[in-house]
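[1] What follows is a predicted structure for the sequence shown.
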Amino acid sequence: MEDDIVPIIRVVISSTLSIESAALHGWKFCTDQLLHIDLKHSTLHNVLEKLDEVRLCTGVQEVTKHTKEHIIMKWESDQLKVEKTFSRAKNCIITVWDPDSVCTNCAKHDIKARYNRKYCSKKKLELLEKDERLTVQEDLHMEIMAMMNEESDNMNEWQRMFFQEQCSNAERHPNARRYHPDVIRWALELYARSPAGYQMLRQTGVLSLPSSGVLRQYRNFASSNAGVCESTLLQLEKLTKTIDAYLVVDEMKVRENLVYQDGRILGYVDHGDRHSPEDIATHICMFYVRSFDRTISMPVSWYPTKATPAAQLTSMFWEAFMACEFRSVRIHAVVADGASTNRKFFSIAHGAIGNPNYNNYTIPHPSLPEEPIFLCSDTSHLLKVSL
């Protein structure tokens, strides 16, 4: 129409009689929607009739941050005025064939906006949950609470703490929720194993857990200095009795990159006071301490590396070993996988280099010869990943 700013429908046809592009009220849409129009064997009149059958998707009903506006403007008495405004899903198909109908993508968005926490605003979600709550009789409520109290007697101390915290946080605003340090440690480990699974538990409301932003703050709190972790030493110094534990050593692949932080460039190989080649690190070599009764489980030291020689790995082990022994943690074993570097590290630590008959699987304890340190080759990673 002559009052429209842009054509109602615009189609660009190539010299090979194929549709190159198409737009409806100024919004481009996929030309696959017009594949049924045979330009080579149809008259111009028939083509125009089929194009006239194309209708505009009426958009979504629920406006969220995942929608965008489509404004149709017209001239009226030499003034530009808004005739219609549509809100669409970002992947709206634009075209439909039935008048006043909605495309499949906009329809899916409306369903997600009502029931999915990712799409629904917090205020609207609270109103929705309030409307969908069911009121039960007082007798039924007391019976359910009695059943839950009976089951709580079968829970261990950690389960009871977790259950009570979930009940208290369910009644609080998301910004006012508080979490026990053990819950934060558990959430960090769960998020490290599967970020997607962790987000699903939060978004579906199955569990009340800290957000990923909160976890990043806790995860980045530790110092980035290579070597023995000062925060771990402070925790070990608080022990009031001797703990029996073992050390786990392993390397993990990291992305090669240089980062400028706190006036330093991080990302190079750093073996502490030992010789370090001037290369960008590709792995992290970490020593981890775990007690047999699961009282402690934390990293002792870590080093950015590329290929850690067995001799330096032995020196790193004794450094982590002494850091634990001086703080009431008795180390009884060291666990490593079956890599050739680790096997040579075992030989050096035992003092069996050059001995072809070496078959001893222990290291002499520096101060307690009657209590050797056992060498465990965990080729299947069963001990390393056990909690």
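    Here it is on my side, so go on.
[2] List the contacts of the nearest residue to residue 88 once chain neighbours are set aside.
    Among residues not flanking residue 88 along the chain, residue 59 sits closest, at 4.6 Å (C-beta to C-beta, 6 or more residues apart in numbering). Bear in mind the C-beta positions are built from the backbone N, C-alpha and C, glycine included. Residue 59 sits next to 67, 70, 86-89, 92, 102, 106 when contact means C-beta atoms under 8 Å, 6 or more residues apart in numbering.
[3] Over to residue 349: give its phi and psi.
    Phi and psi for residue 349, reported as degrees, to the nearest 10, are phi -60, psi -40.
[4] Next one: the residue nearest to residue 88 from residue 298, what distance?
    Noted for residue 59: a distance of 53 Å to residue 298, by C-beta to C-beta, to the nearest Å.
[5] ok so, going back, return the members of the contacts of residue 59 classed as buried.
    Listed as buried from the contacts of residue 59 are 67, 70, 86-89, 92, 102, 106; burial here means 16 or more other C-beta atoms under 10 Å.
[6] now the helices for the stretch 151-300 of the chain?
    For the stretch 151-300 of the chain, helices defined by DSSP state H, counting those that start in this stretch occupy the ranges 157-170, 181-193, 195-203, 212-219, 230-236.
[7] Name the residues of the second one that come out as buried.
    Think helix 181-193. Within helix 181-193, the residues scored as buried using 16+ other C-beta under 10 Å are 183, 187-188, 190-191.
[8] Now render these as a markdown table, adding pLDDT.
    Shown next, in a markdown table, are the buried residues of helix 181-193 (pLDDT from 0 to 100):
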| residue | pLDDT |
| --- | --- |
| 183 | 88 |
| 187 | 89 |
| 188 | 88 |
| 190 | 88 |
| 191 | 88 |
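[9] Mind putting the residues you listed into TSV with distance to residue 303?
    Conversion of the buried residues of helix 181-193 to TSV gives the following (distance: C-beta to C-beta, whole Å):
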residue	distance to residue 303
183	30
187	27
188	22
190	27
191	24
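[10] Which of these sits closest to residue 143?
    residue 183 (29.0 Å; C-beta to C-beta).
[11] what sits against that closest one?
    161-162, 165, 209-210.
[12] Just put the helices of the stretch 151-300 of the chain in a markdown table and tack on distance to residue 329.
    Listed next are the helices of the stretch 151-300 of the chain as a markdown table, based on distance: least, C-beta to C-beta, whole Å:
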| stretch | distance to residue 329 |
| --- | --- |
| helix 157-170 | 22 |
| helix 181-193 | 18 |
| helix 195-203 | 31 |
| helix 212-219 | 23 |
| helix 230-236 | 6 |
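[13] Residue 253: which of these is closest?
    Among those, helix 181-193 comes nearest to residue 253, with 14.6 Å by C-beta to C-beta.
[14] ok, residue 239 - how many residues close by?
    Other residues near residue 239 come to 14 when the count uses other C-beta atoms under 10 Å.
[15] Okay then, goodbye and thanks.
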